[in-house]
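Peer 1: Sequence below, structure please.
(one chain, ligands or ions: 3)
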Amino acid sequence: MERKLSFSHSKVARRILFSFVLAALIPIAILGVLSFQQVKQQLQAQTAKALQRGCKDYAYGLVSRLLFAENSLRLAALKIHKSNKEDKPVALAGEQWLQGQFTGLAVLRADGQPSALSRDNAAIPTLTAEELAQILVGKTLIKPVSGQRLEDNRLWMAINLVENSPKAGILMAELKPDLLWNSETIDPNNLLWVMAADSLQILFALEQDFDPSPELRAQVAQANSGRFSWQRDGEAYLGAYWKLPVATLFFGPDLIVVQSLPESLAFAAIRQFSAIYPPVILLAALIVVYLSSRLIAKYLTPLERLKIGTQRVADGNLECRVDIDSHDEFEELADSFNEMTRRLRSQFDILATMAEIDRHILSALNAEDIIDTALNRLPSILFCDLISIAAVNPDTGIADEIRVRRSGHDAEKLAEPVILSQQDVADLRTMHNGALEIANNDERMSEYLQVLGVSGAWRYLVVPVHVNGALASLICLGYQAPKRIPPESRNAAINFGDRIAVALSNAAWEEKLYQHAHYDSLTGLPNRLVLHDRLGQEIARARRDDAQLAVFFMDLDRFKNVNDSLGHAAGDELLRQAARIFLNCVRATDLVVRLGGDEFVIVIGELHTQHNPAAFVSAVAEKVLAALKQPVTVAGLPMTVTTSIGIALFPDDADNVPDLLKNADAAMYHAKSEGRANFRFYSPELNAAALENIKLEQELRGAIGRNELLVFYQPKVDWDGRIVGAEALIRWRHTELGMISPAKFIPLAEQTSLIVEISDWVLEQTCLWVNACHAQGLGPLRISVNLSAVDFKHPELVEKIAAVLSKTGTDPSFIELELTESVAIGNIKACIERMHHLKALGLTLSMDDFGTGFSSLSYLKELPLDVLKIDQSFVRQLESDDSSAAIVRAILALADGLGMETIAEGVETAAQLELLKQHHCGLFQGYLFSRPVPSDEFLSLLQADAAKRGADLPAISSS
Ligand code: C2E
Ligand code: MG
Ligand code: MG
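Peer 2: Ligands and ions are numbered 1, 2, ... in the order given. So this is what the prediction gives:
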């Protein structure tokens with residue numbers, strides 16, 4: 001900033017200097033020229049005037065001398081006349097007074113002949129008749145007489161010797177040139193000459209041999225007085241003339257007095273002026289340059305400093321200051337500039353801090369990092385001596401996590417929380433302008449401010465941070481007196497408060513999102529994301545420690561039924577209870593995850609400590625299964641749930657997350673297929689089975705088109721062993737795999753809704769076959785067709801069946817639909833309604849596999865069922881298991897009570913048949929009578945049966 005002003009660099013300085021010099025010199029020059037002109041004119045006029053006055057003075061002197069000479073001449077004439085009269089000779093020659101004036105005197109007689117008195121006669125000029133006449137009438141004659149040279153010129157004066165007496169003669173006198181042309185008053189440098197106005201003859205000239213040109217003579221004779229200029233020997237002259245009217249006093253020519261002098265003399269003053277003027281101008285210019293450069297330097301140096309300061313600010317250097325000590329507006333400007341840069345600096349600092357905080361917010365760091373940044377950065381930009389930030393519990397008003405940073409110290413965390421008074425909390429809530437300003441002696445916030453441990457006079461700015469309308473945090477800025485709270489600090493603190501609010505709600509939101517993204521809201525267990533993450537870590541750790549780990553893939557058995565029968569709330573409760581049970585069965589270091597629905601995963605790590613990991617894992621699985629056997633209360637009812645567990649081990653079964661999960665899943669399916677409520681370890685074959693299923697599903701899609709599906713019929717017989725009906729059972733004759741059981745492909749078809757197409761096809765085939773039997777005179781027989789739950793819930797089920805019946809022209813009374821319990825539960829009302837619609841078509845409805853599901857006996861009476869079909873699992877254990885026998889008895893009694901037909905399926909032995917008969921079961925189906933057989937074989941069976949009983953075919957049993 002110490003740079004001096006350089007005129008070579010500063011255009012403004014040069015321009016101002018130039019303007020100053022120009023502004024000063026132009027008037028000086030104009031003034032000089034004007035005054036030069038003026039002076040010249042004045043001098044010219046004065047000179048001419050002086051010359052003219054000189055001429056006039058001279059002329060008057062000349063006239064007075066002529067008059068004086070005339071008087072003297074008259075006096076002489078008087079004397080002459082007196083002496084003549086007395087006849088005394090007069091001795092005028094000796095008269096001094098005459099000699100002083102005249103060089104000669106002569107008396108002319110009346111005839112004009114001279115009688116010289118004191119002069120040679122020859123020198124006496126001859127008078128003309130007119131002159132004589134004029135003299136004789138009393139006039140005084142003035143007569144110039146030219147000589148050889150100018151100095152020889154003479155002037156004669158003549159009068160009557162005696163007045164009124166012409167005969168007395170004429171007195172003439174030659175005027176003494178020295179006296180006459182007395183030029184003492186004339187500047188000897190001047191030219192002076194007297195000339196006769198009539199003849200333009202020069203009578204006298206101050207300079208000898210002076211001979212003005214005829215033009216000049218003519219020029220001066222034109223007027224009575226005037227001025228003129230002329231050239232003499234190449235030199236300019238000024239002149240003036242005055243015509244002396246001699247003719248009015250005397251008889252003689254007027255005399256012109258001319259005076260002239262060289263301009264060089266007249267304008268000596270101007271020459272002097274011209275000599276002095278340029279140096280004066282130069283001096284003035286130098287003074288102007290000097291003074292203006294001083295002035296410019298005085299005013300432009302601060303400007304230059306301000307300019308440099310501004311450039312530095314523009315270059316981003318906000319630290320620069322401009323110091324000007326001129327006690328004028330420039331100093332004020334510099335002060336304003338410095339204040340402006342200070343504010344800018346402060347604003348930039350604030351913005352930088354805010355940007356940093358924003359970065360923290362955006363990068364979703366926790367609120368603590370944001371508060372640390374604030375504690376470190378804010379004091380310097382808000383000019384406070386203390387800053388504290390506390391978290392506030394909005395419910396209790398307790399401010400804890402109080403962090404304080406005092407000027408010159410590091411941030412510290414206060415150990416004790418502070419309970420804010422209700423009044424303080426209310427003040428902070430109701431305050432309008434974003435911040436509370438508290439003076440030292442203020443009662444407000446006193447408990448809080450007290451713990452900050454400051455002494456002396458302070459002022460505080462307290463900014464509450466509200467998140468979702470509740471007080472969440474408190475920012476307090478302290479200023480030690482006499483410092484005031486700067487307004488920009490207030491705004492920045494409020495602004496910062498807003499950011500903290502955003503950060504806190506952001507952090508809370510992030511936390512929520514994290515919870516949401518990573519934890520299951522129902523059970524509170526971690527979810528799939530965490531599983532992948534943690535399992536990855538566990539695998540890495542196990543690999544490092546050369547250890548094993550196990551993954552349990554668990555699916556609650558028949559959970560859907562709980563949901564459907566008891567509602568979703570009960571289902572949710574069961575899931576929560578199951579989650580709790582799982583957690584209780586494993587170590588704290590193990591991970592229990594809910595994948596979704598009724599699927600759970602348990603990761604058991606650190607198996608290296610076990611001597612036999614497989615045994616340990618089995619024990620854990622047993623523990624889980626055993627724990628689940630303890631009844632839990634769901635929807636007010638005691639209930640037990642079972643699960644199927646698939647187990648995969650690292651590294652034996654898979655060495656990465658997806659494969660471990662996939663293999664555990666496959667093992668779980670295996671466990672399900674093995675009767676549920678158990679666990680199975682993964683084996684490579686399971687995977688092959690899963691792959692096979694996928695392949696099978698693909699092939700099933702084209703099976704109908706390729707005529708690979710067939711319908712087999714299994715007879716239903718009465719007490720007498722007569723065939724009274726049959727169940728249509730689908731078969732898939734695979735080109736490579738041979739006959740595939742429906743138990744294998746129907747579940748696949750159910751997963752893809754391919755089942756609807758298959759069921760439609762089976763129904764149509766069955767209808768056609770029933771018609772064909774009747775056409776052959778066999779029957780009437782009632783043939784049952786299986787409907788899956790997916791089929792039953794199809795919105796157009798009733799219409800579709802009606803369409804098939806009408807299309808094939810089949811009597812619906814020969815068709816029975818076998819439903820499973822799962823169709824009858826869920827929306828029981830809709831189910832009953834649908835069953836009524838089916839019944840309305842004329843169809844018979846039976847409940848297949850009765851006793852295995854969750855169906856409550858209490859609503860069984862609501863269902864419009866015709867037949868109860870006792871599940872073969874009860875029949876199978878009828879001989880060995882008393883409880884199965886009890887269930888069969890109960891079912892048969894119930895059906896009897898409800899007026900339903902009964903049929904037992906899976907009857908394989910005569911003993912089973914006997915027992916069923918003892919319990920009054922109506923009909924029987926099973927290998928004991930026949931396996932499911934192709935349609936033609938079934939016709940043979942029918943025919944054999946008819947033959948056995950004669951020509952009559954059995955009537956359809958109605959009991
Ligand atoms: P389901 O309806 O309970 O059919 C009876 C099953 O028991 C049949 O097996 C039948 O062959 C078998 N079975 C009959 N008597 C005996 C016996 O004495 N001992 C033993 N161990 N089994 C016996 P299948 O044909 O393999 O059918 C299995 C299941 O597949 C059926 O159970 C039924 O739920 C389903 N299914 C079969 N065909 C169809 C169909 O066309 N549509 C639908 N939706 N499901 C079908
Ligand atoms: Mg069936
Ligand atoms: Mg069955």
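Peer 1: From here on, just use CA atoms for contacts and neighbour counts.
Peer 2: OK.
Peer 1: how about the residues of this protein near ligand 1?
Peer 2: Proximity of the chain to ligand 1, by CA under 6 Å from any ligand atom, involves residues 729-730, 741-743, 759, 762, 786-788, 849, 905-908, 925-927, 932.
Peer 1: So which of those are in helices?
Peer 2: Among those, DSSP state H puts 742-743, 759, 762 in helices.
Peer 1: What subset of the residues of the chain next to ligand 1 is buried?
Peer 2: Neighbour counting by 16 or more other CA atoms under 10 Å classes 729-730, 759, 762, 786-788, 849, 905-908, 925-926, 932 among the residues of the chain next to ligand 1 as buried.
Peer 1: Pick out whichever of the residues you listed sits closest to residue 569.
Peer 2: residue 788 (26.2 Å; CA to CA).
Peer 1: thought the closest one was touching residue 820?
Peer 2: Yes - Residue 788 lies in contact with residue 820 (CA atoms under 8 Å); the separation is 7.0 Å.
Peer 1: circling back: need the max-distance pair from the ones in helices among the residues of the chain next to ligand 1.
Peer 2: Pairwise over these, using CA to CA, the maximum falls at 743 and 762, 15.6 Å.
Peer 1: Mind listing the residues bridging to the residue of the stretch 701-850 of the chain found nearest ligand 1?
Peer 2: Across the stretch 701-850 of the chain, the shortest distance to ligand 1 (CA to the nearest ligand atom) belongs to residue 729, at 3.6 Å. According to DSSP bridges, the residues that bridge with residue 729 are residue 712.
Peer 1: residue contacts, it?
Peer 2: With contact taken as CA atoms under 8 Å, 6 or more residues apart in numbering, residue 729 is in contact with 711-714, 742, 785-786, 932.
Peer 1: same deal with residue 52?
Peer 2: If you count contacts by CA under 8 Å, 6+ apart, then residue 52 has 225-227, 239-242, 259 around it.
Peer 1: now swap in residue 194 and tell me
Peer 2: 202-205, 255-258.
Peer 1: So what's the predicted local confidence for residue 713?
Peer 2: Looking at residue 713, its pLDDT stands at 96.
Peer 1: circling back to that earlier point, what is the nearest of the contacts of residue 52 to ligand 1?
Peer 2: residue 227 (153.0 Å).
Peer 1: Just the terminal-to-terminal distance for stretch 737-746.
Peer 2: Terminal residues of stretch 737-746 lie 16 Å apart, using CA to CA, to the nearest Å.
Peer 1: what sits up against that stretch?
Peer 2: So stretch 737-746 is contacted by 696-697, 700, 729-734, 755 (CA under 8 Å, 6+ apart).
Peer 1: Kindly report the same for stretch 931-948.
Peer 2: Identification of contacts with stretch 931-948 by CA under 8 Å, 6+ apart yields 710-715, 722-723, 729, 769, 773, 778, 952-954.
Peer 1: Taking those, please make a PyMOL selection of just the buried ones.
Peer 2: In PyMOL, this line selects whichever of the contacts of stretch 931-948 come out buried by 16+ other CA under 10 Å:
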select buried, resi 710+711+712+713+714+715+722+723+729+769+773+778+953+954
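Peer 1: Report the rounded mean pLDDT for the helix or strand where residue 947 lies.
Peer 2: Secondary structure from DSSP states H and E places residue 947 in helix 935-948. Mean pLDDT, helix 935-948: 88.
Peer 1: List the buried residues of that helix.
Peer 2: Per 16+ other CA under 10 Å, helix 935-948 contains these buried residues: 935, 938-939, 941-942, 945-946.
Peer 1: Stretch 415-430 now?
Peer 2: Within stretch 415-430, judged by 16+ other CA under 10 Å, the buried ones are 417-421, 424-425, 428-429.
Peer 1: Restricted to strands, list those.
Peer 2: Among these, the members falling in strands (DSSP state E) are 418-419.
Peer 1: mind listing the helices for the stretch 551-700 of the chain?
Peer 2: Here the stretch 551-700 of the chain has its helices, by DSSP state H, counting those that start in this stretch, at 559-566, 568-585, 613-629, 657-673, 684-701.
Peer 1: In strands, which of the contacts of residue 194 fall?
Peer 2: If you go by DSSP E, the contacts of residue 194 have 202-205, 255-258 in strands.
Peer 1: and those, which two are the farthest apart?
Peer 2: Maximum pairwise distance in the ones in strands among the contacts of residue 194, criterion CA to CA, is 12.7 Å, between 205 and 255.
Peer 1: These two: which has the busier surroundings?
Peer 2: residue 255 (25 against 21; other CA atoms under 10 Å).
Peer 1: thought that one was touching residue 199?
Peer 2: No - using CA under 8 Å as the test, residue 255 is too far from residue 199 to be in contact (10.1 Å).
Peer 1: Would you confirm that residue 708 contacts residue 733?
Peer 2: Yes - between residue 708 and residue 733 there is a contact under CA under 8 Å: 5.1 Å.
Peer 1: circling back: out of the contacts of stretch 737-746, give me the one that has the most neighbours.
Peer 2: Within those, residue 730 tops the neighbour count with 24 neighbours, counted by other CA under 10 Å.
Peer 1: List the residues that contact that one.
Peer 2: Applying CA under 8 Å, 6+ apart, the residues contacting residue 730 are 709-712, 742, 762.
Peer 1: Please give the element, helix or strand, for the residue nearest to residue 784 when sequence neighbours are not counted.
Peer 2: The shortest distance from residue 784 to any non-neighbouring residue, by CA to CA, 6 or more residues apart in numbering, is to residue 816 (4.2 Å). Secondary structure assignment for residue 816, by DSSP H and E: strand 815-819.
Peer 1: Could you pull out the helices in the stretch 151-300 of the chain for me?
Peer 2: All helices of the stretch 151-300 of the chain, identified by DSSP H, counting those that start in this stretch, fall at 177-180, 214-220, 263-266, 268-314.
Peer 1: and the last one, average pLDDT?
Peer 2: In other words, helix 268-314. Rounded mean pLDDT across helix 268-314 is 83.
Peer 1: Tell me which other helices or strands it touches.
Peer 2: On a contact count with 3 or more CA pairs under 8 Å, 6 or more residues apart in numbering; DSSP states H and E, helix 268-314 meets helix 11-86, helix 329-362.
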